[in-house]
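**Student:** Could you work out the structure for the sequence below:
(one chain, ligands or ions: 2)
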Amino acid sequence: MNDLRTYMDQLANRPGNLLTTEVSVDPKLELTRIVYMLEKQNKRPAVFFKKVRGSDLPVLTNLFGNRERLALAMDTTEEKLNQVYREREKRPIPPVIVASGPIQERVMTGDEVDLTRFPIVHHNSGDAGPYITAGVTTVKDPDTGIRNAGMYRFMLRNRNQLSVYLAEANHVYYIYRKYCEKKQNMPIAITIGAHPVFYLGSLSFGSIDTDEYAVIGGLSGGAMQVVKCKSVDLEVPASGEICLEGYIDWEKREPEGPFGELHTLYGETMNQPVVTITAVTMRHDPIYHDVCSGDVEHQLMGGIPRLGQIYNQVKVACPGIRDVYMPPSGYCRTACYVSIKKYVEGEPANGAAAVFSADPFVRHAVFVDEDVNIFDDYEVLKAVNLNMDISKCFIIHNAKGSQIDPASRSGVVTKIGIDATRPLKSKFARINFNEGIGGIDLAKIFKNSAVKL
Ligand SMILES: Cc1cc2nc3c(=O)[nH]c(=O)nc-3n(C[C@H](O)[C@H](O)[C@H](O)COP(=O)(O)O)c2cc1C
Ligand SMILES: [Mn+2]
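**Tutor:** Residues are numbered from 1 along each chain as shown. Ligands and ions are numbered 1, 2, ... in the order given. Here you go, the predicted structure:
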């Protein structure tokens, strides 16, 4: 796995993909407004703010703002991104431990820890405070010792404490519950800033027994080099920028939020665990990485890693599956489009059940025939409007969803599988609009028309 800087150099050679500025910006609201303004103009560059008020560190944000950059992170093209991700995900490569790495060039412990010196971004005015949004958190299952990684947001509380939101659907929540049952604090390591493939792999949607570091190795085509943390029994990428080491208190829960969520609405204040930071390690000149919340990048980057697992599970129900996609119109979470070559009637209902089992966040699973382009909402909607028969829709009540989904009741949702495929045996034949047009010359026919063609 390369480092973040190598990747930024690659971006610098791709027009429209990396903007930099030396003008000092405020990490409270101003920084995010700049990204949102660019977004409104349909521009989605990563933005590198070299000077940020109140901190010595620069901030990189919106790194994952388009699929082109996500594909580049995986050394592939946008067209092949989904397929490449799910294929490489199946070939994990375990990490190797190395003696030292840039992420530990500087080490601060005890009273030296001061989180307020980082340019932690306050994204939106309704947020409860500044939030770390681009941290990959690593923990270990206390029973199996298997490593788990994922992205969870952290609210700044004071010099050495954060609040963390652990969604009940995620592995980390189950692991945290195991520690609580043992009345033990859960050691954690938060890596801020690393090559984007590290982020994409941490978001992989495999089983709880999968070590996401091995997935990252598989995605990048080589073992990840990791260093042992200084104050906890965990490992982090040697080539990372910043690491916060500490633990989640098994007893303490305090109000966290509101926070402007990925679907652009503010969530409710929730009682969530408290994190104490015991050590900070970083490079001599670290880059602080941020993900712009409520923005396309949050939706896009989290969407892609979910698709591989959905694909695999649906394939059991629908052997003729072609591809899956979670469109930005559903915030890359609530809706899932699946294209299949249907061999047997009923496959879409079984397939929808598979989608829901693979990803608790999906509420609407839409199945279409293979000739429908699932990357085009309009095409999918046309298939729904033409073929959907409500009596054949598959509804599942009271299922596990997402607490921050506005349509959920404390995380419990009702889901629908929509069969928008054509019946295998239909009495309706399709019009062929190309039939017999070979000999027709429009210019000749309308040569004398009052209004020209
Ligand atoms: C930018 C971003 C922010 C996220 N924030 C959170 C969060 O605050 N809490 C959470 O539980 N999941 C959050 N997620 C989703 C998890 O990272 C994701 O579901 C991951 O696969 C969970 O891994 P795990 O099941 O191994 O714990 C976020 C994802 C992204 C892309
Ligand atoms: Mn996991």
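
**Student:** Residue numbers of the chain in contact with ligand 2?
**Tutor:** Neighbours of ligand 2 within the chain, by C-beta under 5 Å from the ion: Asn148, His171. Any C-beta I mention is one placed from the backbone N, CA and C, and that applies to glycine too.

**Student:** Quick check: the residue of the chain nearest ligand 2.
**Tutor:** Nearest to ligand 2 in the chain, going by C-beta to the ion, is His171, at a distance of 3.6 Å.

**Student:** which residues touch that residue?
**Tutor:** Asn148, Gly150, Ile208 (C-beta atoms under 8 Å, 6 or more residues apart in numbering).

**Student:** centroid residue for the protein?
**Tutor:** When the chain is reduced to its mean C-alpha position, the nearest residue by C-alpha atoms, centre = their mean turns out to be Gly302, at 1.1 Å.

**Student:** now check the helix or strand where that residue lies, is it near ligand 1?
**Tutor:** Element membership for Gly302, per DSSP states H and E: helix 296-317. Yes - applying C-beta under 6 Å from any ligand atom, one finds helix 296-317 touching ligand 1 at His298, Met301, Gly302.

**Student:** of those, closest to Lys51?
**Tutor:** Closest approach between the residues of helix 296-317 next to ligand 1 and Lys51, by C-beta to C-beta: His298, at 24.6 Å.

**Student:** near ligand 1, which residues of the stretch 1-150 of the chain show up?
**Tutor:** Thr133, Asn148, Gly150.

**Student:** Any chance of JSON lines for the residues you listed, columns neighbour count and pLDDT?
**Tutor:** Output for these, formatted as JSON lines (neighbours: other C-beta atoms under 10 Å; pLDDT from 0 to 100):
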{"residue": "Thr133", "neighbour count": "22", "pLDDT": "98"}
{"residue": "Asn148", "neighbour count": "22", "pLDDT": "98"}
{"residue": "Gly150", "neighbour count": "19", "pLDDT": "98"}
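
**Student:** for the stretch 251-400 of the chain, what spans make up the helices?
**Tutor:** Listed in chain order, the helices found in the stretch 251-400 of the chain under DSSP state H, counting those that start in this stretch are 296-317, 347-358, 377-387.

**Student:** want to throw those into JSON lines with mean pLDDT and distance to Asp9?
**Tutor:** Formatted as JSON lines, the helices of the stretch 251-400 of the chain follow (pLDDT from 0 to 100; distance: least, C-beta to C-beta, whole Å):
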{"stretch": "helix 296-317", "mean pLDDT": "92", "distance to Asp9": "20"}
{"stretch": "helix 347-358", "mean pLDDT": "96", "distance to Asp9": "36"}
{"stretch": "helix 377-387", "mean pLDDT": "98", "distance to Asp9": "35"}
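
**Student:** Among these, which comes closest to Phe154?
**Tutor:** Phe154 lies closest, by C-beta to C-beta, to one member of the helices of the stretch 251-400 of the chain: helix 296-317, at 14.8 Å.

**Student:** ok and that closest one relative to helix 347-358, angle-wise?
**Tutor:** Here helix 296-317 runs at an angle of 130 degrees relative to helix 347-358 (axes from the mean of the first three to the mean of the last three C-alpha atoms, to 10 degrees).

**Student:** Make 59 the first number, not 1, from now on.
**Tutor:** With the count now opening at 59, the last piece we talked about shows up as helix 354-375.

**Student:** now do the same end-to-end measure for stretch 224-244.
**Tutor:** End-to-end distance for stretch 224-244, by C-alpha to C-alpha, to the nearest Å: 13 Å.

**Student:** Mind listing what's buried along it?
**Tutor:** Residues Leu224, Ala225, Ala227, Asn228, His229, Val230, Ile233, Tyr234, Tyr237, Cys238, Asn243, Met244 are the ones in stretch 224-244 that count as buried (16 or more other C-beta atoms under 10 Å).

**Student:** from the residues you listed, which single one is nearest Ala412?
**Tutor:** Ala227 (16.8 Å).

**Student:** right, and the secondary structure at the closest one would be what?
**Tutor:** Recorded secondary structure, Ala227: coil (DSSP: H, G, I helix; E, B strand; the rest coil).

**Student:** Then the one 3 residues further on?
**Tutor:** Secondary structure state of Val230, per three-state DSSP, is helix.

**Student:** Am I right that it is in contact with Thr196?
**Tutor:** No - taking C-beta atoms under 8 Å as the definition, Val230 is not a contact partner of Thr196, at 9.7 Å.

**Student:** which ones are touching the closest residue to Gln219 other than its chain neighbours?
**Tutor:** Distance criterion C-beta to C-beta, 6 or more residues apart in numbering; nearest residue to Gln219, sequence neighbours excluded, is Thr334 at 5.6 Å. Listed by C-beta under 8 Å, 6+ apart, the contact set of Thr334 reads Asn218, Gln219, Gly304, Tyr305, Asp307.

**Student:** so what's the nearest residue to Lys310 once chain neighbours are set aside scoring on pLDDT?
**Tutor:** For Lys310, ignoring the flanking residues on the chain, the nearest one in space by C-beta to C-beta, 6+ apart is Val332 at 4.5 Å. Val332 is assigned a predicted lDDT (pLDDT) of 98.

**Student:** and His422, what does it touch?
**Tutor:** When contacts are counted by C-beta under 8 Å, 6+ apart, His422 touches Gly388, Thr392, Ala393, Cys394, Lys473, Ile474, Ile476.

**Student:** residue contacts, the nearest residue to Ser415 once chain neighbours are set aside?
**Tutor:** Distance criterion C-beta to C-beta, 6+ apart; nearest residue to Ser415, sequence neighbours excluded, is Gln371 at 6.1 Å. Going by C-beta under 8 Å, 6+ apart, Gln371 touches Ala412, Val413, Ser415, Ala416.

**Student:** tell me which of the residues you listed is nearest to Pro344?
**Tutor:** Ala416 (36.3 Å).

**Student:** give the contact list for the closest one.
**Tutor:** Phe263, Arg364, Gln367, Ile368, Asn370, Gln371, Val372.

**Student:** Next: Asp172.
**Tutor:** Asp172 neighbours (C-beta under 8 Å, 6+ apart): Met166, Arg217, Asn218.
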